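Q: Make a model of this:
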Amino acid sequence: MVTTFLSAITVLGNILVMLAIKVNRHLRTINNYFLLSLAVADLIVGLFSINLFGLYLLKGYWPLGASLCDLWLLVDYVVGNASVMNLLIISLDRYLCVTRPLSYPTRRTAKMAGLMIAAAWLLSFFLWAPAILCWQTLTAVRLVPEGECYIQMLANPAVTLGTTLPSFFLPALAMIGLYSRVSAASRSPLHKLQSEKASSSLLKDFILKRKSWIASECDSKTSSDSLNQSENSTQRDRKRSRNRERKVTKTVLAILLAFIFTWTPYNVMAIVGTFCHFCVPRVWWTTGYWLCYVNSAINPGCYAMCNITFRKTFLRLLDCKNRKL
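A: Residues are numbered from 1 along each chain as shown. Modelled structure (predicted):
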């Protein structure tokens with residue numbers, strides 16, 4: 001029952017994220033494309049990983065054979081690593097947006113976001129696929145006993161340490177460092193000055209173009225009124241942009257904290273188990289593994305909690321209202 005409930009919540013929440021971005025044009029932003037990639041990873045966890053792990057625990061042994069064991073491990077580790085890489089990309093993107101408001105937005109395109117997302121998934125696949133599909137039968141005989149399912153390579157303490165550090169601790173430290181810089185930079189006078197400069201530059205270009213067009217079409221009074229309207233409109237756009245940036249930053253902080261709190265216990269136990277396997281009771285291993293899956297269920301809640309546009313879209317989708325979003 002617990003497995004089914006967690007799987008259902010994870011699947012429903014992440015489908016809502018994907019549908020929300022599809023039906024609401026206001027959510028089709030570069031940052032939300034990164035969240036969409038993360039939602040795809042979490043959806044796979046909800047559909048596949050959680051249910052097979054639950055079956056493994058209930059049975060007390062792996063009942064589905066060696067091929068499905070390797071497939072489960074492959075999906076689980078590739079998707080998990082892709083989630084970490086996506087979070088790292090989201091943190092890096094937010095850092096560059098805040099610290100380089102003049103130069104970075106011009107290069108921040110949908111194509112670049114797609115390339116970054118593809119790189120995260122491909123890197124995760126090439127990192128784990130050979131280890132899982134090849135190492136299990138390194139000596140032409142499967143080394144993992146029948147009825148068990150784990151990555152044989154990780155039975156080696158040195159390998160466990162060597163994979164845990166770059167796959168979790170280093171990215172987590174990098175995310176914390178990037179967000180700390182974002183938080184500090186967003187409060188600095190220099191950041192405010194750069195943001196104002198970027199907005200002023202856009203406003204100046206817009207007014208010049210508008211003035212040129214009006215001069216050829218209208219008299220001077222209309223030109224003055226139109227320019228005032230244009231400036232007021234741009235000021236409103238600037239305010240909306242600042243509000244949107246604050247929402248994005250809050251969302252990034254929420255998913256970062258959720259990731260650290262849910263993934264840290266298992267990875268700490270992996271380090272401890274490297275030197276003293278019997279120091280970590282089996283129930284702790286199981287709980288830590290479940291917490292990693294719980295992260296996939298709570299991410300959509302982080303989006304809704306920190307972004308009112310996501311929240312309203314979720315409610316409309318759940319109410320099945322045929323309203324224009």
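Q: Every contact and neighbour count from this point should use C-alpha atoms.
A: OK.
Q: Helix, strand, or coil at residue 81?
A: Three-state assignment for residue 81 (DSSP: H, G, I helix; E, B strand; the rest coil): helix.
Q: Just give the number of residues close to the residue nearest to it when sequence neighbours are not counted.
A: Leaving aside its chain neighbours, residue 81 sits nearest to residue 124 (5.6 Å; criterion: Cα to Cα, 6 or more residues apart in numbering). Residues contacting residue 124 under the criterion other Cα atoms under 10 Å number 21.
Q: what helix or strand is residue 124 on?
A: Following DSSP states H and E, one finds residue 124 within helix 110-133.
Q: Name the residues of that helix that are buried.
A: Using 16 or more other Cα atoms under 10 Å as the burial criterion, the residues of helix 110-133 that qualify are 113, 116-117, 120-121, 124-125, 127-129, 131-133.
Q: which among the residues you listed gets closest to residue 60?
A: Nearest to residue 60, judged by Cα to Cα, of those is residue 132 at 21.9 Å.
Q: Give me the distance between that closest one and residue 168.
A: Remark: distance between residue 132 and residue 168 (Cα to Cα, to the nearest Å) = 18 Å.
Q: and if you look at residue 31?
A: Relative to residue 168, and taking Cα to Cα, residue 31 is found at 22 Å.
Q: the helices in the stretch 101-250 of the chain, which residues?
A: Here the stretch 101-250 of the chain has its helices, by DSSP state H, counting those that start in this stretch, at 104-107, 110-133, 157-164, 170-186, 189-217, 220-275.
Q: which one of those helices has the lowest average pLDDT?
A: Least confidently modelled of those is helix 189-217, at a mean of 50 by mean pLDDT.
Q: Now do the buried residues in whichever strand or helix holds residue 302.
A: For residue 302, the element it lies in under DSSP H and E is helix 282-306. Using 16+ other Cα under 10 Å as the test for burial, helix 282-306 gives 285, 288-304, 306.
Q: what's the spacing between residue 120 and residue 249?
A: Counting by Cα to Cα, the separation of residue 120 from residue 249 is 21 Å.
Q: now swap in residue 96 and tell me
A: Residue 96 is 12 Å from residue 249, where distance means Cα to Cα.
Q: the more surrounded of these two?
A: Comparing residue 96 with residue 249 by neighbour count (other Cα under 10 Å), the higher total belongs to residue 249, at 20 against 16.
Q: neighbours around the closest residue to the more buried one other than its chain neighbours, how many?
A: Nearest residue to residue 249, sequence neighbours excluded (Cα to Cα, 6+ apart): residue 94, at 7.2 Å. Neighbours of residue 94 under the rule other Cα under 10 Å: 20.
Q: now residue 94: how far from residue 253?
A: Residue 94 is 10 Å from residue 253, by Cα to Cα.
Q: Find residues that contact each of the two.
A: Both residue 94 and residue 253 are contacted by residue 179, under the criterion Cα atoms under 8 Å, 6 or more residues apart in numbering.
Q: and the closest residue to residue 299 other than its chain neighbours, how many residues sit next to it?
A: Once flanking residues are discounted, residue 299 sits nearest to residue 255: 6.1 Å by Cα to Cα, 6+ apart. By the measure other Cα under 10 Å, the count of residues near residue 255 is 22.
Q: likewise residue 319?
A: Using other Cα under 10 Å, the number of residues around residue 319 comes to 9.
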